[in-house]
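Peer 1: next one to model:
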Amino acid sequence: MAGLTKSDRIKISADLVGVEDTIKQAESGSVAVDDAIVVAEEKDLTNRKLADSRTFYINPYQTEAEYLDGTERTQLTESLIEDSARKVVGNTFFPVDPNTPLPSLSDGVWRGFAPFARTHAVGKTNLEADQSTGNRNEQDIVSDINSKISEIESEPIPNNATGQKCLEGGSCAGGLGGETSEAECLLNGGVWTPGGSDFYEEDTVVTGLLSDLVTLIQEWNSMLVLESSTIPSDTNSTRNPLNQAALSDISSAQSVISSWQSVQDFDTTTTLPLDCSTFDSMTEGDFEQAKLQPTTISAIKTELTQRSSFITTRLSQLTGDGYLGHITQDVPEDTLSSKAGLYGERILFLNMRLDLLTGSLTEVIGLELSKKVQDKSKDGAKNVEEAMGLVMTATKLAAPGLDTFYLNLISAQDYTVGDRVYTVADDQEELSGSIVEIDGNRVKLTFKTPKKYTLDNNTRFYKVL
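Peer 2: Numbers count the residues shown, from 1 in each chain. Predicted coordinates:
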């Protein structure tokens, strides 16, 4: 091929005969890396188990708190940890996105060796923020039930007891027709004339209030079931009795709810008086117990007050240092100036996995990258062989030069008599001539190859295509 200089020929020949050694070195390195990965993964698995042992409790306590206050606390997963170890854009422990500034990092980039501990490490988003679930929490439900009870208590006791209202008899003239009460008659522009027998009809306001309250009470009970199922059996000697107290408080509320739900909706057996004045003056004791009676409602109100107080207490426990705890990390330094609780314990184990210098997962990821480098080295060598093979054929010697016209090659199959060929060694001159004779892998040349062209100094034999 025209255009190749002496320097080009020497370099290309070295590249071609070096392919085999490069591939062997890469394969050997790959095996060594595989062995190192096994050791590193065993070490990281231990550290992962330690971190996961804290996450095992953190997740349910975060969920329980979410049911109580509606604040969503992010849960840490292995994929988030691995993305951080690989420095994926948008990762949580090593932010690297200058387009996403954070409250603590104006340029969005974390430069510490230890992982950034102000996001998922403490249940916050990647923007260091809490976020609302948009779902109703128990305190929302308790407040709504109290409001609904206030509406119920503004209605007459007889109506709440029976779901009925008593209307005075009479007739309406000049209305739209069909009016059965003075209020309805006057509303339609009629003239009401009292007379006739008083009568009863459904009090739709009261029945509607009961329907709303039944729905709210059931929602409350469902929320209590969720909370109860979330509280873990904790081996911690401080948290476990507090968890049992939380379960007991939930059970007490459910017992009150169950008792209220078992009471009839309205008293349908007591004989009601024929006149409204007597009905309107009746008291709770004149009726059988029903869901909206003062005594029945009072039990719910008392439990709501107690439960509301316990929600505050429980949230204080869950977010306090005895449970989830806190982490205070100096920024831009990566030191932890203060830590406590499950968050504080977990970050120590996460540091053991993610620290840029000593982290076990960091080591695994680094070795995996090294493995890819070895594979790419092999691919690169094969590419050199294919590309350079388009312009040159080169082979190593099977024996050093002997100051004769003969050379023993590793393979002479790509050469023919008459080929213009070259011999060179590292730090030696390029020799050139042509092939006179080929006998197997032994070639006779028009030039001698000195003894200083040895196997140790990378002597090679080649021709330009």
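Peer 1: and the strands in the chain?
Peer 2: Counting by DSSP state E, the chain has these strands, from start to end: 71-72, 131-132, 164-167, 170-173, 191-194, 199-202, 326-329, 336-340, 392-396, 404-408, 420-424, 431-439, 442-449, 460-464.
Peer 1: tell me how far residue 288 lies from residue 266.
Peer 2: 9 Å (Cβ to Cβ, to the nearest Å). Backbone N, C-alpha and C define where each C-beta goes, glycine included.
Peer 1: those two: which has the busier surroundings?
Peer 2: Neighbour count, other Cβ atoms under 10 Å: between residue 288 and residue 266, residue 266 has more, with 22 against 14.
Peer 1: ok, now which ones touch the more buried one?
Peer 2: 161-164, 210, 290-292 (Cβ atoms under 8 Å, 6 or more residues apart in numbering).
Peer 1: how about the helices in the stretch 1-150 of the chain?
Peer 2: Taking DSSP state H, counting those that start in this stretch as the test, the helices found in the stretch 1-150 of the chain are 6-69, 78-85, 138-153.
Peer 1: ok now the last one, how far from the chain's centre?
Peer 2: The gap between the average C-alpha position of helix 138-153 and the chain average comes to 35 Å, counting by Cα atoms, centre = their mean, to the nearest Å.
Peer 1: tell me the mean pLDDT over it?
Peer 2: Per-residue pLDDT over helix 138-153 has a mean of 97.
Peer 1: again with stretch 437-451
Peer 2: 97.
Peer 1: for that stretch, measure first residue to last.
Peer 2: One end of stretch 437-451 to the other measures 21 Å (Cα to Cα, to the nearest Å).
Peer 1: residue 406: how many residues sit nearby?
Peer 2: Neighbours of residue 406 under the rule other Cβ under 10 Å: 16.
Peer 1: for the residue nearest to it when sequence neighbours are not counted, give its distance to residue 430.
Peer 2: Nearest residue to residue 406, sequence neighbours excluded (Cβ to Cβ, 6 or more residues apart in numbering): residue 444, at 5.6 Å. Distance of residue 444 to residue 430, given as Cβ to Cβ: 19 Å.
Peer 1: residue 21 too?
Peer 2: Here residue 21 is placed at a distance of 21 Å from residue 430 (Cβ to Cβ).
Peer 1: same check on residue 251?
Peer 2: Here residue 251 is placed at a distance of 93 Å from residue 430 (Cβ to Cβ).
Peer 1: for residue 19, same thing?
Peer 2: Taking Cβ to Cβ as the measure, residue 19 falls 20 Å from residue 430.
Peer 1: looking at the two, which is more packed in?
Peer 2: residue 19 (20 against 14).
Peer 1: surely that one touches residue 387?
Peer 2: No: judged on Cβ atoms under 8 Å, residue 19 makes no contact with residue 387 at a distance of 10.7 Å.
Peer 1: surely residue 274 and residue 198 touch.
Peer 2: Yes: using Cβ under 8 Å, residue 274 is in contact with residue 198, at 6.5 Å.
Peer 1: between the two, who's got more neighbours?
Peer 2: Between residue 274 and residue 198, counted using other Cβ under 10 Å, residue 198 has the larger neighbour count: 17 against 12.
Peer 1: show me what the residue nearest to residue 406 is bridged to.
Peer 2: Residue 444 has these beta-bridge partners by DSSP bridges: residue 406, residue 437.
Peer 1: list the contacts of it.
Peer 2: 405-406, 435-438.
Peer 1: buried ones among those?
Peer 2: Neighbour-count burial (16 or more other Cβ atoms under 10 Å) is assigned, among these, to 406, 435, 438.
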